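Asker: based on what follows, work out the 3D shape:
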Amino acid sequence: MPLLAGIVAGLLCGLLELQGVTAYILFGIMGALGYIGGTFYSLSYLKKKATTPNWSACTAPAIVWFAVIQLLTLVAFAFQNSGSPPAILIWLLFNGSSFAVFAKITAKGFRDLEE
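Answerer: Numbering: from 1, shown residues only. Below is the predicted model:
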């Protein structure tokens, strides 16, 4: 879902000729929506296809791996955009928000799967 959101953001930027901070904001919003949509999709899939006696034990690894992925993309993004502090700030804002929402949705989703 995040990849699909990135492709849509890229197409929109191309069609609307968006550049700079405006493009970063669009990519941030679409990325956040992609992660949130992907999380709900994954939880829905797990509910239908997977079983475990202890869903809550899945919460910490899911959140830790998401944090690792976010940190790696931050490092790559920072190197790529080292001359643009506003771009890095926008990335931190949207991806930090995505991480917080992902953690909350994941924890609640795994609790709900135990019921």
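Asker: wait, isn't residue 40 in contact with residue 105?
Answerer: Yes: with contacts counted by C-beta atoms under 8 Å, residue 40 reaches residue 105, the gap being 6.9 Å. Backbone N, C-alpha and C define where each C-beta goes, glycine included.
Asker: which one of those two is surrounded by more residues?
Answerer: The neighbour count for residue 40 versus residue 105, taken as other C-beta atoms under 10 Å, is higher for residue 105 (16 against 13).
Asker: what about the closest residue to that one other than its chain neighbours, helix or strand, and which?
Answerer: The shortest distance from residue 105 to any non-neighbouring residue, by C-beta to C-beta, 6 or more residues apart in numbering, is to residue 39 (5.0 Å). Assigned by DSSP states H and E, residue 39 falls within helix 20-49.
Asker: where along this structure do the helices fall?
Answerer: Taking DSSP state H as the criterion, the chain carries its helices at 2-16, 20-49, 59-80, 85-114.
Asker: hang on, the earlier thing: give me the mean pLDDT for the helix holding residue 39.
Answerer: Throughout helix 20-49, pLDDT has a mean value of 86.
Asker: residues in contact with residue 102?
Answerer: By C-beta atoms under 8 Å, 6 or more residues apart in numbering, residue 102 lies in contact with 35-36, 39, 63, 66.
Asker: please name the residues that touch the residue with the largest distance to the centre of the chain.
Answerer: The centre of the chain is farthest from one residue, residue 53, which by C-alpha atoms, centre = their mean lies 27.3 Å away. Shown in contact with residue 53 (C-beta under 8 Å, 6+ apart): no residues.
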